[in-house]
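Chemist: need coordinates for the following:
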Amino acid sequence: QVLLVESGGRLVQPGGSLRLSCAGSGFTFSNYRMSWYRQAPGKERELVASISSAGGRTNYADSVKGRFTISRDNAKNTVYLQMNSLKSEDTAVYYCNAYRGWPLQESWGQGTQVTVSS
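Modeler: Residues are numbered from 1 along each chain as shown. I've put the predicted structure just below:
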């Protein structure tokens, strides 16, 4: 059974930093593209960042480029999201996503709350 568990979300002041972690189990982690999505109140879920299965390719939403960094450690079955220079508009529930194109399989974590406020 695929399980993704996020951690690291909390209240942080504007300009601060956080590192989110997502630990995967029940699947071959290194075969999956991993992504972070977020959903703010009243808004649709949006892609924040993604990283290829081996970690060689990354992709970021324009709103977080230069501030957020996604990385992974396949030996630990964990993907990270380092968030710097946080803004109030980064406030959202952050979700971890695991995706494999063939055979198609996609799974989500339960989410972790990030609140940026003074």
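
Chemist: distance of the residue nearest the centre of the chain from residue 102?
Modeler: With distances taken as Cα atoms, centre = their mean, the residue of the chain nearest its centroid is residue 36 (2.6 Å). Note on residue 36: its distance to residue 102, by Cβ to Cβ, to the nearest Å, is 23 Å. All C-beta spots, glycine's among them, are computed from the backbone N, C-alpha and C.

Chemist: show me where this protein has its strands.
Modeler: Counting by DSSP state E, the chain has strands at residues 3-7, 11-12, 18-25, 33-39, 46-51, 58-60, 68-73, 78-83, 92-100, 105-108, 112-116.

Chemist: neighbouring strands - and their directions - for the last one?
Modeler: On the basis of DSSP bridges, the sheet neighbours of strand 112-116 come out as strand 11-12 (parallel), strand 92-100 (antiparallel).

Chemist: any chance of CSV for the strands of the chain, columns mean pLDDT?
Modeler: Converted to CSV, those look like this (pLDDT from 0 to 100):
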stretch, mean pLDDT
strand 3-7, 97
strand 11-12, 98
strand 18-25, 98
strand 33-39, 98
strand 46-51, 98
strand 58-60, 98
strand 68-73, 98
strand 78-83, 98
strand 92-100, 97
strand 105-108, 96
strand 112-116, 98
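
Chemist: the closest residue to residue 19 other than its chain neighbours: neighbour count?
Modeler: Excluding its sequence neighbours, the residue lying closest to residue 19 (Cβ to Cβ, 6 or more residues apart in numbering) is residue 82, at 5.1 Å. Neighbour count for residue 82, taken as other Cβ atoms under 10 Å: 15.
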